[in-house]
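> What shape does this take:
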Amino acid sequence: MDFNKESQILCSWSAQIENRLLQLLWHLIHVTIDLCHFPLRIANVLESYLISWGLLGRYKSFHVTKLRYLAIVVDSEEAYRTSKIIKLLQWLEAIGIKHVCLYDYEGVLKKLKDFILEKLDGTILFWDAHENDVLSDSDQQHMTLEFVSFSDGKEAVVKAANVLFMKYSTSGATDQNQKDKIFTESQMSNTLKTVGSGGPEPDLLLVYGPARCHLGFPAWRIPYTEIVHMGPLKSMNYGSLVKAIYKFTMVQRNYGR
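Below is the predicted model of the structure:
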């Protein structure tokens, strides 16, 4: 009996020691990776500041017209930093970006819509501008803004699904014609536009926040969108913004819209 007790205690100690060693190894791996990436992060920060100061010539001019529609995804907690949001939009307007979509999961930016528009002279809502060929309007003088949240995408899918259901439930489709009951991607996209929730597909999506994902931005609008994580909004940098847009405009694309 004592021998069994001692065996159990020994096994428990061994398991604890093994867990501690694995945790130590995990932390060592993370520290090693961080140390390896530290010089790269320093170089990127330095380059961003050099761009901000105008010391790197290649970033002074680029084909900003290639970026027709830009989406900015902000973590909802950071979306309350209205001064940062307004500063970011002012930078984008100075760069020459004409159409911007602002998104956060909880809809904080939508609630602050009037305040943001008031702080940006001449800026109008995207859907108040001309809907036909608005992205190709090179004479657009002021920036247009679209405000989106997760609830918009959720409600859009529900509305589109109801429209498709009503359409096909009343079309007289029979079991012999199953193809008529299949919803294709193009049908769903057209229905989303019909219910007013399609929206343009962003060419570039910049994520400001701790998460390296689009945070629930409507997935049907970003099939070919390039996504770049920009770090926390509180530490946003003009140089890193210019760099992200510059890199996008310099890439040759053989697909898309």
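
> And the strands in this protein?
70-74, 99-103, 124-125, 144-148, 204-208, 226-231 (DSSP state E).

> highest average neighbour count across those strands?
strand 70-74 (a mean of 26; mean count of other Cβ atoms under 10 Å). Bear in mind the C-beta positions are built from the backbone N, C-alpha and C, glycine included.

> Looking at the strands of the chain, spot the one closest to I9.
In terms of Cβ to Cβ, the element of the strands of the chain nearest to I9 is strand 226-231, at 47.9 Å.

> Check the burial of S83 by counting its neighbours.
8 (other Cβ atoms under 10 Å).

> Same check on K247?
K247 has 14 nearby residues by other Cβ under 10 Å.

> Kindly report the same for the one 4 residues further on.
Look at V251: counted by other Cβ under 10 Å, it has 8 neighbours.

> And it, what's its pLDDT?
The per-residue pLDDT reported for V251 equals 80.

> next one: F150
Reported pLDDT for F150: 85.

> burial of it, as a residue count?
Neighbours around F150, by other Cβ under 10 Å: 17.

> What of K119?
16.

> I'd say it and I86 touch.
Yes. The pair K119 and I86 passes the contact test of Cβ atoms under 8 Å, sitting 4.9 Å apart.

> For the strands of the chain, could you give me a markdown table that also reports distance to M250?
Formatted as a markdown table, the strands of the chain follow (distance: least, Cβ to Cβ, whole Å):
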| stretch | distance to M250 |
| --- | --- |
| strand 70-74 | 16 |
| strand 99-103 | 20 |
| strand 124-125 | 30 |
| strand 144-148 | 25 |
| strand 204-208 | 12 |
| strand 226-231 | 12 |
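
> A244 is nearest to which of these?
Short answer: strand 226-231, nearest of the strands of the chain by Cβ to Cβ, at 5.0 Å.

> Just the mean pLDDT for the closest one, thanks.
93.

> That one pairs with which strands?
As defined by DSSP bridges, the strand partners of strand 226-231 come to strand 204-208 (parallel).

> mind listing what the closest residue to E77 other than its chain neighbours touches?
Distances taken as Cβ to Cβ, 6 or more residues apart in numbering place G209 nearest to E77, at 7.9 Å, with adjacent residues excluded. Contact analysis of G209 by Cβ atoms under 8 Å, 6 or more residues apart in numbering lists V73, V74, D75, E77, E78, L215, P232, L233.

> for F150, same thing?
By Cβ under 8 Å, 6+ apart, the neighbours of F150 are Y105, E106, G107, G216.

> circling back to that earlier point, of the contacts of G209, just the buried ones, PyMOL syntax please.
Selection of buried members from those for PyMOL, criterion 16 or more other Cβ atoms under 10 Å:
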select buried, resi 73+74+75+78+215+233
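
> Have a look at the contacts of G209 and tell me the least confident one.
Lowest confidence among the contacts of G209: L215, with 88.

> Correct me if wrong: that one contacts V73.
Yes. Counting by Cβ under 8 Å, L215 does reach V73; the two are 5.3 Å apart.

> any shared contact partners between these two?
Y103, D104, V207, G209.

> distance of the residue nearest to E77 from V31?
Separation of G209 from V31 (Cβ to Cβ, to the nearest Å): 24 Å.
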